[in-house]
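**Q** Structure here, sequence nowhere to be found:
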């Protein structure tokens, strides 16, 4: 069993069932009486958040938001993830969580296709499975809790880069990995926005695989391969600060403009020293908060997980009504630009 799962078990994570559950093996009961076996009481609710990697501080922020929601409602939540991004590692975690009969699983897939069989299996075993932050193939989940529209995130990155480098030059993209569905969608919107500028050429797209050192290395290689490079778009955390550190190491800060998204805790210093003129994100704490409430309402049968369904948070940190749109998404916000003036207001 994965060490993080052992920790959760040893910590006393339990699930209360009707008395019939003590008499019938749980797998048989789930098959024969699915509605009875998976009735979730308010104080029984537990959400497992399967993240891309535990070393990424971004997912500490999404967990923080889910913990706020759990405290408001009396439930539980925990992060589960590998130390290095891996679709196969996520598959093993999802399978283990399904075998533990966790009532709800929210996945931020590293690979949108690799996780689908495990997500389908978890659903068959009774778990309510959704995605957040990054989407899977829709076959694997009921709906996706998205931080903003993918189109808005990608075009916002293009806008910031254009603002700093102007309407001409050579641009490279440093992404996390080829299978990252959310980043691929952002990059597609970024590319489409730059098509309006015939004097801008996108010369390369490389990958740091959610590893700070790899992102540093591929960025240094870009500066050697394209000595006249004028811009880099890095929609990846922790990739963005690694890109900035690489540009500083080759003494091209100010010459190569950078835009991208990441948490301010590890990125703001590169904005404050002028290497990055502006970067952005959204509120990952709110993303985790809404994800928890969405999963809880789904597990308790208050929504079916279908387009048009909605739930209302009557009070708490972010009250409001949240709706699953026709594309199967709940949109929680819009891009947020960090500046030297506002960055101290965000502690994630």
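**A** Received the coordinates, thanks. This is a predicted model, so every value here is computed, not measured.
**Q** Once you drop chain neighbours, what's closest to residue 193?
**A** The shortest distance from residue 193 to any non-neighbouring residue, by Cβ to Cβ, 6 or more residues apart in numbering, is to residue 158 (3.8 Å). Heads up, the C-betas are built off the backbone N, CA and C, glycines and all.
**Q** nope, residue 67 is what I was after
**A** residue 77 (6.0 Å).
**Q** after the one helix or strand that neighbour maps to, next one along is what?
**A** Applying DSSP states H and E as the criterion places residue 77 in strand 76-80. Next helix or strand after strand 76-80 toward the C-terminus (DSSP H and E): helix 87-99.
**Q** Now the next helix-or-strand element following that next one: average pLDDT?
**A** Next helix or strand after helix 87-99 toward the C-terminus (DSSP H and E): strand 104-107. For strand 104-107, mean pLDDT rounds to 98.
**Q** ok, back up a step: surely the residue nearest to residue 67 meets residue 62?
**A** No: judged on Cβ atoms under 8 Å, residue 77 makes no contact with residue 62 at a distance of 10.0 Å.
**Q** any common contacting residues for these two?
**A** Here residue 77 and residue 62 have residue 49 as joint contacts, going by Cβ atoms under 8 Å, 6 or more residues apart in numbering.
**Q** ok, the two, which is more surrounded?
**A** Between residue 77 and residue 62, residue 62 has the larger neighbour count (other Cβ atoms under 10 Å), namely 29 against 24.
**Q** residues contacting that one?
**A** With Cβ under 8 Å, 6+ apart, residue 62 has these contacts: 49, 51, 108, 132-133, 284-285, 287-288, 291.
**Q** Quick one: low-confidence residue ranges for the chain.
**A** 1-43 (pLDDT under 70).
**Q** what packs against the strand holding residue 77?
**A** Under the contact definition 3 or more Cβ pairs under 8 Å, 6 or more residues apart in numbering; DSSP states H and E, strand 76-80 sits against helix 3-10, strand 46-50, helix 58-73.
**Q** Of these, flag the one that's most buried.
**A** Stretch with highest mean neighbour count among those: strand 46-50 (a mean of 26; mean count of other Cβ atoms under 10 Å).
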